[in-house]
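*Asks:* Next comes the sequence, and after it the predicted model I'd like to discuss.
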Amino acid sequence: MAESYLSIYQSIVEEMTEGVVFIDADDIVRICNPAAESIRRIKADRIIGKAIYAIHPQRMHHRIRELITSLKSGKISSGSRIVHAQKRYFSNSYTAIRSPGGEFLGTLLISRDVTEQKRLNEENELLKSPAVKDKMKCLIVKSDAAQKVMDMAVSLGAIDSTVLITGENGTGKECVVDQLHMHSVRRNCPLIKVNCAALPESLIESELFGYVKGAFTGANENRKGKFELAHGGTLFLDEIGDLPLSAQAKLLRAIQSHSIQPVGSEKEILVDVRIVAATNHILSDDVASGKFREDLFYRLNVIQIEVPPLRNRIDDIQPLAQMFLEKFSQQMKKPVRHLSPAALNVLMTCRFPGNVRQLEHAIERAVALSSGELILPDDLPKDLFDASVVTQVIEWQNDNSLKDAVGFFEKEYITNALKRCNNKKGDTAKMLGISRKSLWEKIQKYDLEITDVT
């Protein structure tokens, strides 16, 4: 019967999802179940029969010996801690095993992989922080086109591939970078941002790779470059299309070799960073014209996210404007402003060549100049107006509701978009940043007369 129970106990240990390792009184590993092999990424036949110290680095011996000594002496009966290794987190518990007579028989180690649990807990705490809440505000999206971009950024955060973000200036590419980093395994490490267009060509190498004392006149101390500062985290190379060709070659080498050489140093430093780049250039055209290295382009263009311009995301204009109104009203210590129907009409029919950044600056100006709680057209910058918009605003009566005003201009905007796209629904929906189904529903809602719609 005892042998039968022993067989059952052995089966239980073998089938447990927790990693089980048993160390006898002489600190020799005697048991290592399959779960422990998987969690600790070790092979049982390589450690069973060996001292626990033989399978750990020398730097850990003191801590292990102190723990086991405390368990043997009865100073503690158990202990636990979270261990970070191999880019994962483990909850390890240690329990002294004693005979009925109190004799110390060994130490039982139970390990659980808590990486995902820790990730979710950290993400929840991160999202509660004021700094992240401020960053998340720029991610207010309502249109299908913008939501697709943000969903893609969240899903790509879980992998470590290089990402190239493209789009016009002011579309919110930096917000996508923040999303990528916040949802990556590197979120607890630095996110270092570099504006390549703002770096003088003579300083690019020292800014990216750092320098050692005496490397050049004025180098009075060692200084880390952006790559080294971003070690373990994400390096964001903004305006990558403006990087000179000479610097592109050195950047390519650093990305390929995962190492850098500070200016004035003969030693190379290994760096572990995730590269995210952004540009408003069409890099394939720059490659064709010889302005951008083809090999660097393919190294960066592993996964591409294209951020659509605001004119193709008209559903985002009103919520973004409202968010900026609240932001600047608070900053300027004014009562929260609201858009008058006429002012909203102007925004909804503007093409916004400067995209979200232009909208933000327009709202900042409006809040600063407004004298009442309503933002009026005169409070907005003149560059938002064009002749057709002014005419429509003048003709609009003040007694109409906000809902009617939005509907009126949405109808006009869709009508004009259909004309520009030769009544092709697919092209029109893409330009407006909405689905074909949404476009069709709006066509029916406003009873638009469309011919040859495809």
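*Replies:* Everything's here; your move.
*Asks:* Counting neighbours, what do you get for Lys224?
*Replies:* Using other C-beta atoms under 10 Å, the number of residues around Lys224 comes to 15. (Each C-beta comes from the backbone N, C-alpha and C, glycine too.)
*Asks:* Point to the residue nearest the middle of this protein.
*Replies:* The chain has Leu180 as the residue nearest its centroid, 1.7 Å off, counting by C-alpha atoms, centre = their mean.
*Asks:* Isn't it up against Leu156?
*Replies:* Yes: using C-beta atoms under 8 Å, Leu180 makes contact with Leu156 at a distance of 6.0 Å.
*Asks:* who touches both of these two?
*Replies:* Common contacts of Leu180 and Leu156 (C-beta atoms under 8 Å, 6 or more residues apart in numbering): Val163.
*Asks:* coming back round to it: give me the pLDDT value at the residue nearest to the centre of the chain.
*Replies:* At Leu180, the pLDDT value in this model is 92.
*Asks:* repeat for Met136
*Replies:* In this model, Met136 is scored at 47, pLDDT.
*Asks:* need the contact list for the residue nearest to the centre of the chain.
*Replies:* Counting by C-beta under 8 Å, 6+ apart, Leu180 touches Ala153, Leu156, Gly157, Val163, Thr234, Val276.
*Asks:* May I ask which of the residues you listed has the most neighbours?
*Replies:* That'd be Val276 among these, by other C-beta under 10 Å, with 28 neighbours.
*Asks:* For Thr428, see how far away it is.
*Replies:* 32 Å (C-beta to C-beta, to the nearest Å).
*Asks:* Repeat that for Ile269.
*Replies:* Noted for Ile269: a distance of 52 Å to Thr428, by C-beta to C-beta.
*Asks:* just to revisit the earlier point, please, which helix or strand holds the residue nearest to the centre of the chain?
*Replies:* Leu180 is part of helix 173-182 when elements are defined by DSSP states H and E.
*Asks:* list the buried ones in the helix or strand that comes right after that helix?
*Replies:* Later in the chain than helix 173-182, the nearest helix or strand by DSSP H and E is strand 191-195. Buried residues in strand 191-195, counted by 16 or more other C-beta atoms under 10 Å: Leu191, Ile192, Lys193, Val194.
*Asks:* residues contacting the last one?
*Replies:* If a contact means C-beta under 8 Å, 6+ apart, then Val194 has Glu207, Leu208, Lys226, Leu235, Phe236, Leu237, Asp238 as its contacts.
*Asks:* Burial check on the fourth one, number of neighbours?
*Replies:* Right, Leu235. 24.
*Asks:* just the third one next, same as before
*Replies:* If you count neighbours by other C-beta under 10 Å, Lys226 ends up with 21.
*Asks:* Likewise for the first one?
*Replies:* For Glu207, the tally of surrounding residues (other C-beta under 10 Å) stands at 19.
*Asks:* in which helix or strand would I find it?
*Replies:* Per DSSP H and E, Glu207 falls inside helix 204-209.
*Asks:* what sits up against the next helix or strand after that helix?
*Replies:* Next along the chain after helix 204-209, taking DSSP H and E as the criterion, comes strand 210-211. The contact list for strand 210-211 (C-beta under 8 Å, 6+ apart) reads Ala219, Asn222, Arg223, Lys224, Gly225, Phe227, Glu228, Ile260, Pro262, Val263, Gly264, Ser265.
*Asks:* go on, stretch 349-368?
*Replies:* Contacts to stretch 349-368, defined as C-beta under 8 Å, 6+ apart, come from residues 138, 168-172, 309-311, 317, 320-321, 324-325, 328-329, 332, 334, 337, 343, 347, 375, 379-381, 384, 386, 388-389, 392, 409, 412-413.
*Asks:* let's see it at 6 Å
*Replies:* The contact list for stretch 349-368 (C-beta atoms under 6 Å, 6 or more residues apart in numbering) reads 168, 170-172, 309-311, 320-321, 324-325, 328-329, 332, 337, 375, 379-381, 384, 389, 409.
*Asks:* Now that stretch: average pLDDT?
*Replies:* Mean predicted confidence for stretch 349-368 is 92.
*Asks:* List the buried residues in that stretch.
*Replies:* With burial defined by 16+ other C-beta under 10 Å, the residues of stretch 349-368 counted as buried are 349-350, 352, 354-356, 358-360, 362-364, 366-367.
*Asks:* Go through the residues you listed and flag which are in helices.
*Replies:* Mapping the buried residues of stretch 349-368 onto helices (DSSP state H) picks out Thr349, Asn355, Val356, Gln358, Leu359, Glu360, Ala362, Ile363, Glu364, Ala366, Val367.
*Asks:* ok, those vs Val21, which is closest?
*Replies:* Set against Val21, the nearest of those by C-beta to C-beta is Val356 (54.1 Å).
*Asks:* Could you find the closest non-adjacent residue to the closest one?
*Replies:* Counting by C-beta to C-beta, 6 or more residues apart in numbering, Gly172 is the residue found nearest to Val356 once chain neighbours are left out, at 5.1 Å.
*Asks:* and if you look at Arg436?
*Replies:* Arg436's closest residue in space is Ala429 (C-beta to C-beta, 6+ apart), at 4.7 Å.
*Asks:* Verify the stated contact: that neighbour with Ser438.
*Replies:* No: Ala429 lies out of contact with Ser438 (C-beta atoms under 6 Å); the separation is 7.2 Å.
*Asks:* out of the two, which sits in the busier spot?
*Replies:* Ala429 (22 against 15).
*Asks:* buried residues in the helix or strand containing that one?
*Replies:* Assigned by DSSP H and E, Ala429 belongs to helix 425-432. For helix 425-432, a neighbour-count test (16+ other C-beta under 10 Å) marks Lys425, Thr428, Ala429, Lys430, Met431, Leu432 as buried.
*Asks:* what sits against the second one?
*Replies:* Contacts here follow C-beta under 6 Å, 6+ apart; on that basis Thr428 touches Ala417, Leu418, Cys421.
*Asks:* Please repeat the previous calculation with a cut-off of 8 Å.
*Replies:* Residues in contact with Thr428 (C-beta under 8 Å, 6+ apart) are Ile414, Ala417, Leu418, Arg420, Cys421, Leu439.
*Asks:* between the residues you listed, which is closest to Arg59?
*Replies:* Among those, and counting by C-beta to C-beta, the member closest to Arg59 is Leu439, at 63.1 Å.
*Asks:* On the three-state scheme, Phe272 is what?
*Replies:* One thing to correct before we go on: residue 272 is Asp, not Phe. Look at Asp272: counting by DSSP: H, G, I helix; E, B strand; the rest coil, its state is coil.
*Asks:* roughly how far apart are it and Lys224?
*Replies:* Taken as C-beta to C-beta, the span from Asp272 to Lys224 is 14 Å.
*Asks:* what's the answer for Leu300, then?
*Replies:* According to C-beta to C-beta, Leu300 and Lys224 sit 23 Å apart.
*Asks:* got the CA positions of stretch 187-197 in CSV?
*Replies:* Extracted in CSV, the C-alpha atoms of stretch 187-197 (Å, rounded to 0.1, in the frame of the first residue of the first chain):
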residue,chain,number,x,y,z
ARG,A,187,7.3,49.4,-20.7
ASN,A,188,9.2,49.5,-17.3
CYS,A,189,12.4,50.5,-19.2
PRO,A,190,13.0,53.9,-20.8
LEU,A,191,11.3,55.3,-23.9
ILE,A,192,13.9,57.6,-25.4
LYS,A,193,12.8,59.9,-28.2
VAL,A,194,15.2,61.4,-30.8
ASN,A,195,14.2,64.1,-33.3
CYS,A,196,16.6,63.3,-36.1
ALA,A,197,15.7,66.4,-38.0
